[in-house]
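*Asks:* here is a sequence together with a model predicted from it:
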Amino acid sequence: MYIKLFLLAFLFLLTACDSEKPQNNLDGKKLLEQKCASCHDLHMPPITSPDEKAPPIMAVSFHVYDFVQTGDESQRKFKAIAFVEDYVKEPSLEKSFCDKASLQRYGLMPSQKEHVNAAELHAIASYMFEHYNQKNLSEAMQTKAKYDALPAGEKVAIRYKCLSCHRVQKDLVGPSFRRIADKFATSQATLIQTIQNGSKGKWSGFKANMPAFKDINDTELEELSEWILKL
Ligand code: HEC
Ligand code: HEC
């Protein structure tokens, strides 16, 4: 009897919680990509271009977050979300935080109210201020700095996902790049060919096949093979 009551109460609680969060299955990141990326660049840090149609969404998020008026700092994020929800539906010169020069350059944002509903917009605006903040920017810059500092050939290996099957020191799905470097030590040309053609059955102990990589260009092949041979 008690157990039954407890179960009922528990179920009731579950449904009560559910009805309080009707929007939590919407993916703000995906929606931002679908609804806003045609004009706003979404990268962090942004990738700007001279003919961009709108300021990057990182700039928009930082800007709105800083400019929104509030006497209570704990309310800043909610106010920023409310600003975006309103502005996207009813943009105007008076409301915009954009400086005059930028407004002239881009022109006023056309209302998006036909393209995004209230729940979607809420998910987008919430995501903007969760994701585009100083902490995530610093992390992204550190990751980027680390990536930039890598040897050119290693970047090629990352770009083409070689590292999902190969490690430098250890065998994984394929033999380690160290062992590969030994095998091809005297012939960079053969190494390049084998990357382009893929490989199967040449190494004992590896069940998988290596796919052919036909669309790596000559510079990339040069950099990649040099990097492997130096390991
Ligand atoms: C057709 C192009 C276009 C699309 C699509 C678009 N925007 Fe914009 N947006 C602009 C332009 C241009 C500006 C800069 C001028 C202005 O502030 O109105 C802007 C400015 C903004 C601003 C105001 C920034 C400020 O400082 O006042 C916000 C907020 C914003 N966009 C959010 C969004 C969101 C969220 C979406 C997706 C739901 C979106 N935009 C889709 C063109 C677009
Ligand atoms: C899906 C997994 C996979 C990926 C991705 C992959 N490889 Fe391999 N690779 C293998 C396997 C498995 C072998 C061993 C095949 C064999 O036994 O012939 C191998 C072998 C090789 C060999 C030796 C071939 C030979 O003739 O001895 C080279 C060189 C090589 N991989 C380089 C690369 C490079 C560079 C990349 C990225 C452009 C890459 N691999 C991506 C799985 C992979």
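*Replies:* Arrived safely. Ligands and ions are numbered 1, 2, ... in the order given.

*Asks:* mind checking pLDDT for the spatially most central residue of the chain?
*Replies:* Centroid-nearest residue in the chain, with C-alpha atoms, centre = their mean: H43, separated by 7.1 Å. Here, the pLDDT recorded for H43 equals 97.

*Asks:* wait, it sits on E52?
*Replies:* No - counting by C-beta atoms under 8 Å, H43 does not reach E52; the two are 11.7 Å apart. Every residue, glycine included, has its C-beta placed from N, CA and C.

*Asks:* would you mind listing what in this protein touches ligand 2?
*Replies:* 157, 160-162, 164-166, 173-175, 180, 183, 191, 194-195, 199-203, 206, 208, 210-211, 213, 224 (C-beta under 6 Å from any ligand atom).

*Asks:* can you flag which of the residues you listed belong to helices?
*Replies:* Among the residues of the chain next to ligand 2, the members found in helices (DSSP state H) are A157, I180, K183, L191, T194, I195, L224.

*Asks:* now the second one: closest residue in space that isn't a chain neighbour?
*Replies:* What it means is I180. Closest residue to I180 apart from its sequence neighbours, by C-beta to C-beta, 6 or more residues apart in numbering: I228 at 6.1 Å.

*Asks:* quick one: neighbours of the closest residue to P55 other than its chain neighbours, just the number.
*Replies:* Nearest residue to P55, sequence neighbours excluded (C-beta to C-beta, 6+ apart): S102, at 6.4 Å. Using other C-beta atoms under 10 Å, S102 has 15 neighbouring residues.

*Asks:* isn't P56 right up against C36?
*Replies:* No - P56 is beyond contact range of C36, at 10.7 Å (criterion: C-beta under 8 Å).

*Asks:* okay, and the common contacts of these two?
*Replies:* Among the neighbours of P56, those also in contact with C36 (C-beta atoms under 8 Å, 6 or more residues apart in numbering) are L42.

*Asks:* need the residues that contact stretch 221-231.
*Replies:* By C-beta under 8 Å, 6+ apart, the residues outside stretch 221-231 that reach it are 151-157, 160, 162, 168, 177-178, 180-181, 184-185, 188, 191-192, 195-196, 216.

*Asks:* equivalent analysis for stretch 147-156, please.
*Replies:* Stretch 147-156 is contacted by residues I158, I216, E220, E223, L224, S225, E226, W227, I228 when judged by C-beta under 8 Å, 6+ apart.

*Asks:* buried residues in the stretch of helix or strand K146 belongs to?
*Replies:* Following DSSP states H and E, one finds K146 within helix 134-148. Using 16 or more other C-beta atoms under 10 Å as the test for burial, helix 134-148 gives L137.

*Asks:* equivalent analysis for stretch 50-67, please.
*Replies:* A54, P55, P56, I57, M58, A59, V60, S61, F62, H63, V64, Y65.

*Asks:* then stretch 199-214?
*Replies:* The neighbour-count criterion (16+ other C-beta under 10 Å) identifies S199, F206, M210, F213 as the buried residues of stretch 199-214.
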